[in-house]
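got a predicted structure here, sequence first:
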Amino acid sequence: MANIKIESAEQLLASEGLELGTTDWLQISQERINLFAEATGDHQWIHVDPVRAAEGPFGACIAHGYLTLSMVNLFLPDLIEVSNLAMGVNYGCDKVRFPAAVPVGSAIRSRGQIVSVEAKGAAVQATIRVTVEIQGSERPACVVDTISRYSFKQ
């Protein structure tokens, strides 16, 4: 269930600066990393070779940065639910950063904040900063400003 529920364009337009809270923790397994490697063709040893990665700079396999980024799509509906829509689309991302690696077996979660909201014709565009945190780490795994456009039912 989402932390925040938005049901109208007016409510979304008034939500700039709103903190969305956090999601539940999710463990990143070697199986998830391997499946991502298969889907993208990125089989770099630091992600998929536990023996070699154990002797590498992180001491274990790490999740792909883009795997971590893709988890934002899983976490966003837990941060915010926008209903009464005719349509909602992912418009893009700004300022993607990967401050820390996610070692295999780590637990991650997301924290969100609505950083800007503006009317775009009949739609409302919202930029939501999603910070992917690593349990026990001071630095986040990923910080991204996601941009979505919502068209509400009339």
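Perfect, I can see it now.

what is the neighbour count of the spatially closest residue to I80 that is not a sequence neighbour?
Using CB to CB, 6 or more residues apart in numbering and skipping the chain neighbours, the partner closest in space to I80 is I4 (4.8 Å). No exception for glycine: its C-beta is placed from N, CA and C like everyone else's. Residues lying near I4 (other CB atoms under 10 Å) number 16.

and the strands in this structure, which stretches?
Using DSSP state E, the strands of the chain run over residues 4-6, 19-22, 26-27, 80-82, 85-97, 107-120, 123-134, 142-152.

most tightly surrounded among these?
For those, the largest average neighbour count (mean count of other CB atoms under 10 Å) is found in strand 123-134, namely a mean of 21.

just the mean pLDDT for that one, thanks.
Here strand 123-134 scores 98 as its mean pLDDT.

quick one: strands adjacent to that strand?
strand 107-120 (antiparallel), strand 142-152 (antiparallel) (DSSP bridges).

columns mean pLDDT and distance to R32 on top of the ones you listed, output as a markdown table?
Listed next are the strands paired with strand 123-134 as a markdown table, based on pLDDT from 0 to 100; distance: least, CB to CB, whole Å:
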| stretch | mean pLDDT | distance to R32 |
| --- | --- | --- |
| strand 107-120 | 97 | 11 |
| strand 142-152 | 97 | 15 |
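
looking at the ones you listed, which is closest to L74?
Each of these was scored for nearness to L74 using CB to CB, and the closest is strand 107-120 (8.6 Å).

who touches the longest helix seen in the chain?
Assignment by DSSP state H gives helix 65-79 as the longest helix of the chain. Helix 65-79 has contacts (CB atoms under 8 Å, 6 or more residues apart in numbering) with 1-4, 20-24, 26, 28, 32-33, 36, 40, 42, 93, 96, 98, 102, 108-110, 112, 128, 130, 132, 141-142, 144, 146.

how about JSON lines for the strands paired with strand 123-134, with distance to F58 added?
Output for these, formatted as JSON lines (distance: least, CB to CB, whole Å):
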{"stretch": "strand 107-120", "distance to F58": "15"}
{"stretch": "strand 142-152", "distance to F58": "16"}
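
any idea which residue sits dead centre in the protein?
V72 (1.8 Å; CA atoms, centre = their mean).

any buried residues in stretch 43-63, and which?
46-48, 53, 61-63 (16 or more other CB atoms under 10 Å).
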